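*Asks:* Sequence first, then the predicted structure, then my questions.
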Amino acid sequence: MEIKEEIQDELKRLIPELPLQQQQPTIQAPNGYFEQLPAQLLAIAKSAPEKRAVLFQLQPLQLKYYVAAAVTIGILFFSFYYFADLASGEGVDSINQWAKQEIKEVPAEHISLYTDQTSAFSLHATAAETENKDVALLIQGIQQEEIQRLLNDFPITEMQ
């Protein structure tokens, strides 16, 4: 304690206007406070109405909207990714290569049987029976380069 008193004497001498505490304040709880505290807390807890904390609650109707929005966003992102790949040209080429490879593996008898049984081919309409106006109307939106490319893809023997 001597050091503490020496420090305070020196401070009084150097800075006389500095208020120095001579005594430490003592803080005391009222008599019986800690004995009565559990009973007081239980009384407060029992008297308060029961409240349940709700962090986030969805009504069934709202849930349907959120699910529908999530599915729509998923479809949009998937289609954007898919069509962006096709627009670059790489996707189209790979699909064309795959289709050509798969068609080559199908036997000619199966293709013939399919075309015979399909209603679109059972009309037995030939180019001679169709008028020129109908053909011109059908190919009106197709560019010449695409028609030429299609004709180049088929061997001559298949077109007879």
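*Replies:* Ah, there it is.
*Asks:* And the helices in the protein?
*Replies:* Counting by DSSP state H, the chain has helices at residues 2-14, 33-47, 60-87, 90-105, 108-117, 132-138, 144-153.
*Asks:* possible to save these as a markdown table with distance to T26?
*Replies:* All C-beta atoms are positioned from the backbone trio N, CA, C, and that covers glycine. Formatted as a markdown table, the helices of the chain follow (distance: least, C-beta to C-beta, whole Å):
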| stretch | distance to T26 |
| --- | --- |
| helix 2-14 | 17 |
| helix 33-47 | 15 |
| helix 60-87 | 59 |
| helix 90-105 | 83 |
| helix 108-117 | 102 |
| helix 132-138 | 105 |
| helix 144-153 | 99 |
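*Asks:* Please identify which of those helices is closest to I27.
*Replies:* helix 33-47 (11.9 Å; C-beta to C-beta).
*Asks:* packing partners for the closest one?
*Replies:* Applying 3 or more C-beta pairs under 8 Å, 6 or more residues apart in numbering; DSSP states H and E, we find helix 33-47 packed against no helix or strand.
*Asks:* what's the neighbour count on Q8?
*Replies:* Neighbours of Q8 under the rule other C-beta atoms under 10 Å: 14.
*Asks:* On the pLDDT front, check it for me.
*Replies:* Looking at Q8, its pLDDT stands at 80.
*Asks:* Now do it against I44, distance only.
*Replies:* Q8 sits 45 Å away from I44, going by C-beta to C-beta, to the nearest Å.
*Asks:* least trustworthy helix or strand in the chain by mean pLDDT?
*Replies:* helix 132-138 (a mean of 70; mean pLDDT, DSSP states H and E).
*Asks:* pLDDT below threshold where in the protein?
*Replies:* Scanning the chain for pLDDT under 70 picks out 1, 20-25, 53-58, 85-92, 118-133, 135, 155-160.
*Asks:* Centroid-nearest residue for it?
*Replies:* Nearest residue to the geometric centre of the chain (C-alpha atoms, centre = their mean): G74, 5.6 Å.
*Asks:* any idea how far that residue is from P60?
*Replies:* Remark: distance between G74 and P60 (C-beta to C-beta) = 21 Å.
*Asks:* Quick one: neighbours of Q140, just the number.
*Replies:* Neighbour count of Q140, defined by other C-beta under 10 Å: 7.
*Asks:* Can you list phi and psi of it for me?
*Replies:* Backbone dihedrals for Q140, given as degrees, to the nearest 10, come out at phi -60, psi -40.
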